[in-house]
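# Quick one: sequence and predicted model below, then my questions.
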Amino acid sequence: MSDIAHHDPVLPSVAAEPSRGGIWRNLAVWGLLPSWLLMGFALLVPIIIIAAVSFATRGAYGGFDWGFNLAGYRQILFNEGWTGELEFTPQYMVIILRTLLLAGTTTLLCLLMAVPVAYYIANQPRHLKTILVYLVTLPFWISMILRIYAWMIILGRHGPMPRLLELFGAPGGLSFMYNDGATLAAMVYTYMPLMVLPVFASIEKLDGTLIEAAHDLYGNRWITLRRVILPLTAPGIAAGAILVFVPALGAVLEPTLMGGGKQMMMGSLIQLQFGGGRNWPFGAAIAMTLLIFVTIVLILIARRAAMREVTT
Amino acid sequence: MVIDSLKKPSRTVFSPFSNFVARFGREQTAEISTPQPVPCQDESRQMNQQNAIEVVGVSKHFGTFRALKSISFEIRNNEFFTMLGPSGCGKTTLLRMLAGFENPNEGTILLKGRNLVDVPPHKRRVNTVFQSYALFPHMTLEQNVAFGLENLGWDKSRIRNRVGEMLERVHMSDFARRKPAQLSGGQRQRVALARALAPEPEVLLLDEPLSALDLKLRQAMRNELRNLQRDTGITFVFVTHDQEEALDMSDRIAVLGDGEVQQLGSPTQIYEEPVNRFVADFVGETNFVEIEVLESRDGWATIRTPFGQVMTVPTPGQVQPGMATLSVRPEKINLGNQAQGNTFNATVIGKNYMGGYTHYILEANGIEFRASRRNASREGDTIPVNSTVSVDFVQAAVRVLAS
């Protein structure tokens, strides 16, 4: 474990200065040990297990047998016939693309709604700011399943929302449930705070005189937003986008409950393989594909951020 | 390189800006100068032509705090105008109103005769040099200077020329592609100036722009600012709490205190002829002596000091006979053999040797006051503590203050 710590990029100054080594270096390494142990057991070990399972052989009655097998990964693109011949199938790719589309749309809508909200909160007096930030995090204090059920009631047949619309002349008996729109609404609702908080933090850090300077130099609101506020809050927006996009890829509850399970998503697909599908290696293979995809995206974003850092 | 030229001003030209004047100065003034006022019957319009800004009865309050109490004054075209005052006197609020970041609760502000109230900042031909410079950290210097010009819709080649010209003018051409984080405080200050001057504003506002610089740089920048104002002919409105800065650079100074204009005048008027105790106290150093006014005629009063002198001194306007306050600057007091005529004796109870001059703390009739004497020769600082000296006030240079 301490071997990993030595190669950790977080400690370059300590490692690079042999004269300051000795006690301090040891203290840094041993002091971080609990974190490394936690990271190892809670994060790394499960990933290794899933990776191992993805290469295992499917058990006859569920579960898996050890033994190297690429069937899990092959199944993402190909159907295996009775006689063992492979046939290309896009069905799982469709699910993956649909999941990407849903997560992407969720991220975009969260962004469009969170930026004005965060901007508004950041411009309030201090005491009001604290209260508003607390209100943003309030939904997290209630179980997510309960909140989803609440939405099902609100949007469902004879729920408050259709009733309200009936007052304005809409036909009776409407339901907004069990379609892609309902899924998306619940997704945006669920992940919005994760976007608001980092965007708020970066807007609050923004020097107000820069905005005044932009106005002073003949920039109207739109120019100021596009050329000063957005570029300077980009790190917060990127952080928010990651915080929303990544968990949205694995969402299970919203598509199942709000969408009525009509549209299979990656999260449900994986869950299915470990449950009713009894195909652990396939489920693990999809999970690994998702993980690798997300990691590549994150590395690309981090690279770009690092490049920008160098040029500023 | 730029810093070097600041530290060691060359013998012939004091400011690094001045070689710019030779090259660009003339065309520059031609481009910016406002058209000569056409002979006009309407008197008020002609007044407007002379004034860059007119502040008419402006009040501003924040909650119960009255920051500005019905202030009125004019800022003339092409002048270096300074608003001087202690913190909380309302000078920054006033500047922010000129920029458009605040609106007055009452009164109007006219820019070249046009009402400015309710005109948003981006529609005013007024630019600001911010105290913190407020350069956009994600843009290069070029992009910073071009920002205002792009928003004004200038065409690309004109912007490129103007940006190059402005960066050259502040000696930052070599840094055009750098970002603000890579510059020193003085360099950022220059870029902020270039950025604010590039769009050729009708008025340039400067919010304590020198306060973040160290002493040496600050003194050099004073001269640069002054030259820049003369070269461009743009009206500068400068806000500071530093009386020395104000006296050094300004054509006219408005001393603000307690939300009101205490006095408006040239630096000499402000220093030599303060109208009240606030101005006399805030600008420079002075002694306040309680005196008795025996007789008062227009502009002059015969007074008796507590030291027994009877003399005739200048006053601002009419002063009622009775008790009043006299302001006597330390350097307007003659000591020892320099004192002649209307003298009295005082005891030296302390002194501070300041190099160029010596500060004496004197006492007479139980009243303490300070006098300073220039150390013209090495032997200047000769009056010993505890000795008795004869003292007289320079009569034409003391002021009876309006109560």
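It's in. Residues are numbered from 1 along each chain as shown, chains lettered A, B, ... in the order given.

# burial measure for the one residue in the stretch 151-300 of chain B that gets nearest to chain A, as a count.
Relative to chain A, the nearest point of the stretch 151-300 of chain B is B:Asn151 (3.8 Å; CB to the nearest CB). In this view, the C-beta of every residue, glycine as well, is placed from N, C-alpha and C. As a burial measure, B:Asn151 scores 19 neighbours (other CB atoms under 10 Å in any protein chain shown).

# what about the residue nearest to it when sequence neighbours are not counted, is that helix, strand or coil?
Counting by CB to CB, 6 or more residues apart in numbering or on different chains, B:Asn151 lies nearest to A:Tyr218, which is 3.8 Å off, once chain neighbours are set aside. A:Tyr218 falls in the coil class when you classify it by DSSP: H, G, I helix; E, B strand; the rest coil.

# And A:Tyr218, how far from A:Leu290?
When distance is defined by CB to CB, to the nearest Å, A:Tyr218 is 48 Å away from A:Leu290.

# Please list the residues of chain B that sit near chain A.
Contact residues, chain B versus chain A (CB under 8 Å from any CB of the partner chain): B:99-101, B:120-123, B:126-128, B:130, B:132, B:134-138, B:147-148, B:151-152, B:179, B:181, B:195-196, B:199.

# The same query, at a cut-off of 7 Å, please.
Residues of chain B lying close to chain A (CB under 7 Å from any CB of the partner chain) are B:99, B:101, B:121-122, B:127-128, B:130, B:132, B:134, B:136-138, B:147-148, B:151-152, B:179, B:181, B:199.

# ok, and the closest residue to A:Leu155 other than its chain neighbours, which helix or strand is that part of?
Spatially, and ignoring its direct neighbours in sequence, A:Leu155 is nearest to A:Phe176 (4.0 Å; CB to CB, 6+ apart). Assigned by DSSP states H and E, A:Phe176 falls within no helix or strand.

# Now do the contacts for A:Phe176.
A:Leu155, A:Met161, A:Pro162, A:Ala182 (CB atoms under 7 Å, 6 or more residues apart in numbering or on different chains).

# wait, which of those residues is closest to A:Gly59?
Using CB to CB, A:Ala182 is the member of these that lies nearest A:Gly59, at 37.0 Å.

# The closest one falls within a helix, correct?
Yes. The assignment for A:Ala182 (three-state DSSP) places it in a helix.

# So it sits against A:Leu257, correct?
No. If you go by CB atoms under 7 Å, A:Ala182 and A:Leu257 don't touch, sitting 9.0 Å apart.

# So these two - more neighbours on which side?
Comparing A:Ala182 with A:Leu257 by neighbour count (other CB under 10 Å), the higher total belongs to A:Ala182, at 22 against 19.

# that older thread, what separation is there between the residue nearest to A:Leu155 and chain B?
As judged by CB to the nearest CB, to the nearest Å, A:Phe176 and chain B stand 42 Å apart.

# For chain B, just list every one of the helices.
B:2-7, B:18-20, B:26-32, B:43-50, B:91-99, B:141-151, B:156-169, B:185-197, B:215-232, B:243-249, B:267-272, B:277-282 (DSSP state H).

# Give me the neighbour count for the residue nearest to B:Asn151.
22.

# Enumerate every residue touching it.
Contact partners of A:Tyr218, counting by CB under 7 Å, 6+ apart, are B:His122, B:Gly148, B:Asn151, B:Leu152, B:Pro199.

# out of the contacts of A:Phe176, who's nearest A:Gly63?
Nearest to A:Gly63 out of these is A:Ala182 (CB to CB; 35.4 Å).

# Now do the closest residue to that closest one other than its chain neighbours: how many residues are near it, please.
Spatially, and ignoring its direct neighbours in sequence, A:Ala182 is nearest to A:Met258 (4.2 Å; CB to CB, 6+ apart). A:Met258 has 26 neighbours, counted by other CB under 10 Å.

# ok, A:Met258 - contacts?
Going by CB under 7 Å, 6+ apart, A:Met258 touches A:Ile148, A:Trp151, A:Met152, A:Met177, A:Ala182, A:Thr183, A:Ala186.

# Lowest mean pLDDT among the helices and strands of chain B, which one is it?
Within chain B, no helix or strand scores below helix B:26-32, which has a mean of 37 by mean pLDDT, DSSP states H and E.

# Can you tell me how far A:Phe55 is from chain B?
Counting by CB to the nearest CB, the gap from A:Phe55 to chain B is 46 Å.

# correct me, but that residue touches A:Gly67?
No. Judged on CB under 7 Å, A:Phe55 makes no contact with A:Gly67 at a distance of 8.9 Å.
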